[in-house]
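**Q** Need coordinates for the below:
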Amino acid sequence: MATIKWALDPTHSEIGFKVKHLMFTNVSGSFKTFSVTAETDGDNFNNAKVEFSADTDSISTNNEQRDEHLKAADFFDAASFPKITFNATHFADAGNGNFELTGDLNMHGVVHPVKLDVEFGGIVKDPWGNIKAGFSATGKLNRKDFGLNWNAALETGGVMVSEEVKIHAELQLVKQAS
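**A** Numbering: from 1, shown residues only. Modelled structure (predicted):
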């Protein structure tokens with residue numbers, strides 16, 4: 001079968017995260033500038049080659065002061081590490097339209113393996129004749145694995161920011177002309 005290339009439809013896609021703040025609520029954020037590409041054997045996404053990158057400077061939590069802190073050396077250090085990248089090492093069918101995506105995440109200059117659960121929404125032709133594939137992905141990582149260690153102790157016990165980060169993505173990929 002022929003190799004098919006897929007590119008991100010950025011207007012119908014999002015990459016987000018949630019982190020527990022003050023140990024009792026979640027703060028949500030996203031990356032506004034990112035890309036995803038995939039290469040498949042035909043329309044079959046088993047063993048697809050998937051690559052992702054996000055501009056760390058595009059982080060948004062709907063709070064400018066917090067965003068600037070996240071871009072600073074305490075967290076992402078966007079000046080020194082302008083990109084977060086992910087390269088898939090395995091994309092396997094887990095049954096019932098679900099996949100397991102594993103790969104190497106490079107963030108803050110540290111590469112660490114990450115596993116994501118992916119729900120395949122299907123392949124459709126949009127009203128303009130584009131062939132699209134839809135995916136929802138979720139996962140968790142420990143930010144300290146990537147050297148994102150900043151925190152502050154609370155006088156009531158606990159810390160300001162949890163180590164666990166929940167990832168969620170909604171992606172539409174567009175089949176590219178061969």
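
**Q** Tell me how far the helix or strand harbouring Ala137 lies from the chain's centre.
**A** For Ala137, the host element (DSSP states H and E) is strand 131-142. On the basis of Cα atoms, centre = their mean, to the nearest Å, strand 131-142 is displaced by 7 Å from the centre of the chain it belongs to.

**Q** can you give me the mean pLDDT across it?
**A** Mean pLDDT, strand 131-142: 96.

**Q** go on, stretch 150-167?
**A** pLDDT averaged over stretch 150-167 gives 78.

**Q** you'd agree Glu51 is up against Ile84?
**A** No - contact between Glu51 and Ile84 fails when scored by Cβ atoms under 8 Å: they sit 11.9 Å apart. Yep, even glycine has a C-beta here, placed from its N, CA and C like the rest.

**Q** the more surrounded of those two?
**A** Ile84 (21 against 14; other Cβ atoms under 10 Å).

**Q** Secondary structure class of that one, three-state.
**A** Put simply, Ile84 is strand when judged by DSSP: H, G, I helix; E, B strand; the rest coil.

**Q** residue ranges of the strands in the chain, please?
**A** 3-8, 14-21, 25-31, 34-41, 44-55, 59-60, 83-95, 98-107, 110-125, 131-142, 161-175 (DSSP state E).

**Q** Now render these as a markdown table, adding distance to Glu155.
**A** Formatted as a markdown table, these follow (distance: least, Cβ to Cβ, whole Å):
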| stretch | distance to Glu155 |
| --- | --- |
| strand 3-8 | 44 |
| strand 14-21 | 16 |
| strand 25-31 | 18 |
| strand 34-41 | 37 |
| strand 44-55 | 35 |
| strand 59-60 | 28 |
| strand 83-95 | 33 |
| strand 98-107 | 31 |
| strand 110-125 | 31 |
| strand 131-142 | 25 |
| strand 161-175 | 16 |
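
**Q** Quickly note the distance from the closest residue to Ile4 other than its chain neighbours to His12.
**A** Using Cβ to Cβ, 6 or more residues apart in numbering and skipping the chain neighbours, the partner closest in space to Ile4 is Thr40 (5.0 Å). Per Cβ to Cβ, to the nearest Å, Thr40 is found 19 Å from His12.
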